[in-house]
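Enquirer: I need the structure of the sequence given here:
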Amino acid sequence: MPEPSVAFDPEARRQARANAFVLAVCQALAQGGAVLVIVVSALAGQALAENKALATVPFALQFVMTMISTVPASLLMGRIGRRAGFMVGQTIGILGAGLAAAAIYAGDFVLFAAGSAILGIHNAFWQYYRFAAADMADEDFRPKAISYVMAGGLVAAFLGPEIAKLTRDAVASAAFAGSYAALAGLCVVNIALLRFVRIPRPTTALSAGRPLGAIVRSPDFLVAAAAAMIGYASMNLVMTATPLAMHAAHFGFADTAFVIQWHVVGMYAPSFATGHLIRRYGAPRVILAGTGVMIAAVAVNLADQTLLHYWFGLVLIGMGWNFMFVGGTALLTECHRPEERARVQALNDFLVFGTVSASSFTSGALQHGHGWAVVNLGVVMPILVVFAAAAWLLIHRRRLARKTA
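Expert: Numbers count the residues shown, from 1 in each chain. Got it, this is the predicted structure:
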């Protein structure tokens with residue numbers, strides 16, 4: 001059920017656009033840090049772990065903690081406001097990045113995993129930037145606001161890998177420790193920028209609105225959550241395995257950083273158009289397009305393991321993720337009223353990052369034990385499930401429209 005229409009005065013519209021701009025910059029910095037971690041985490045884990053099959057466990061723990069923290073993060077922001085909550089999250093990020101850097105310097109795999117877990121808590125907070133941009137936006141601007149914030153990730157595509165390359169050997173005899181120290185610096189800058197975000201603190205009780213079970217049973221919620229969950233988990237399964245697969249295929253670190261960089265370009269460059277596509281064609285059709293792009297990416301990845309195939313396959317995986325995740329996020333905003341926002345968004349992101357954390361644990365073991373082809377084949381059936389669900393929602397909406405005509 002869409003949120004009820006409200007009147008938006010010119011000042012509210014101006015503030016909504018200003019929030020979207022600031023949050024897009026914050027997203028660029030936060031996602032830049034996340035991309036940096038994508039590039040270095042598995043390699044740092046591989047260097048520290050005695051059992052190389054555990055190389056992606058710290059990265060997986062990061063997603064587990066993101067999953068666990070999404071509900072508390074959303075409920076906290078429901079009480080103290082978006083800006084204060086985001087600042088808490090960035091402060092946690094400073095602590096996690098500092099601990100990870102110290103762990104690498106000490107050669108301690110367990111401590112590195114602990115630092116990664118704390119970074120997962122940090123990630124749970126800034127994942128709500130996209131929803132915060134929609135909080136003050138009217139119905140017409142809402143999908144665009146979400147897309148514009150997600151487009152901040154395009155800067156991250158270049159920022160993260162470049163910082164990783166520049167800081168990899170910044171600390172003598174402790175490769176990648178400097179990368180995590182740089183991540184702490186990005187969190188500090190994020191805190192400074194968040195002072196310019198203006199979103200009123202919530203005035204309704206967190207328990208207000210319809211029962212959560214009634215919302216969850218709606219077709220829109222089911223498809224929105226499925227698209228975000230499976231789109232993100234499928235992308236993450238392939239992306240997390242990519243540095244390990246490329247290392248096994250004897251590609252250098254610079255080649256891996258290049259592929260991940262362009263993968264993130266594929267993730268966020270479409271955001272400049274995704275909001276417009278959603279307004280024109282609707283979220284379910286955009287989700288359908290995303291599933292098609294994902295299947296095309298798998299075909300490319302299975303064709304060969306040249307640098308060109310890694311590059312093109314990962315770009316397509318990123319584009320498919322964008323259509324599925326942004327489409328799912330936009331569809332989710334149609335499911336709840338303002339007073340239901342914190343609970344519905346918390347449940348959605350809990351489901352999303354629960355699935356993503358499972359894919360992170362699976363990725364390293366699949367790549368180490370079975371190889372690149374099995375990693376890619378593992379995403380095909382879940383993607384086809386989302387295709388069927390989105391197609392069903394379109395048919396369901398057409399039937400409802402005919403009944404009410």
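Enquirer: touching, residue 126 and residue 28? I think so.
Expert: No. Taking CB atoms under 8 Å as the contact criterion, residue 126 and residue 28 are not neighbours in contact, 11.0 Å apart. Any C-beta I mention is one placed from the backbone N, CA and C, and that applies to glycine too.
Enquirer: count of neighbours near residue 50?
Expert: Residue 50 is flanked by 6 other residues according to other CB atoms under 10 Å.
Enquirer: next, the spatially closest residue to it that is not a sequence neighbour: phi, psi?
Expert: The shortest distance from residue 50 to any residue that is not its chain neighbour, by CB to CB, 6 or more residues apart in numbering, is 7.6 Å, and that residue is residue 109. Geometry field for residue 109 lists phi and psi as phi -70, psi -40, criterion degrees, to the nearest 10.
Enquirer: for whichever strand or helix holds residue 256, the distance to its chain's centre please.
Expert: If you go by DSSP states H and E, residue 256 is part of helix 253-268. The chain centroid and the centroid of helix 253-268 are separated by 15 Å under CA atoms, centre = their mean, to the nearest Å.
Enquirer: repeat that for stretch 181-193.
Expert: Relative to the centre of its chain, stretch 181-193 is centred 19 Å away, using CA atoms, centre = their mean.
Enquirer: quick check: mean pLDDT of it?
Expert: In this model, stretch 181-193 has an average pLDDT of 96.
Enquirer: tell me the angle the helix or strand just after the helix holding residue 256 makes with helix 253-268.
Expert: Sequence order places helix 271-281 as the next helix or strand after helix 253-268, per DSSP H and E. Calculated by axes from the mean of the first three to the mean of the last three CA atoms, to 10 degrees, helix 271-281 forms an angle of 30 degrees with helix 253-268.
Enquirer: which of the residues in helix 271-281 are buried?
Expert: Residues of helix 271-281 classed as buried: 271, 274, 275, 277, 278, 279 (neighbour count, 16 or more other CB atoms under 10 Å).
Enquirer: what is the nearest of those residues to residue 93?
Expert: Comparing the buried residues of helix 271-281 against residue 93 with CB to CB picks out residue 271 as the nearest, at 22.8 Å.
Enquirer: surely that closest one is in contact with residue 323?
Expert: No. Because the distance of 10.0 Å does not satisfy CB under 8 Å, residue 271 is recorded as not touching residue 323.
Enquirer: overlap in contacts, these two.
Expert: When contacts are counted by CB atoms under 8 Å, 6 or more residues apart in numbering, the set common to residue 271 and residue 323 is empty.
Enquirer: if we can go back for a sec, contacting residues for the residue nearest to residue 50?
Expert: Residue 109 sits next to 45, 48, 49, 50, 54, 58, 103 when contact means CB under 8 Å, 6+ apart.
Enquirer: which ones are touching residue 327?
Expert: Remark: with contacts taken as CB under 8 Å, 6+ apart, residue 327 is in contact with 227, 274, 278, 283, 284, 286, 287, 290.
Enquirer: mind redoing it with 7 Å?
Expert: Going by CB atoms under 7 Å, 6 or more residues apart in numbering, residue 327 touches 227, 278, 283, 286, 287, 290.
Enquirer: so the second one sits against residue 286, correct?
Expert: Read that as residue 278. Yes. With the criterion set as CB atoms under 7 Å, residue 278 and residue 286 qualify as a contacting pair; they are 5.3 Å apart.
Enquirer: the residue nearest to residue 397 when sequence neighbours are not counted: neighbour count?
Expert: Using CB to CB, 6+ apart and skipping residues adjacent in sequence, the residue nearest residue 397 is residue 284, 7.5 Å away. Residue neighbour count, defined by other CB under 10 Å, stands at 26 for residue 284.
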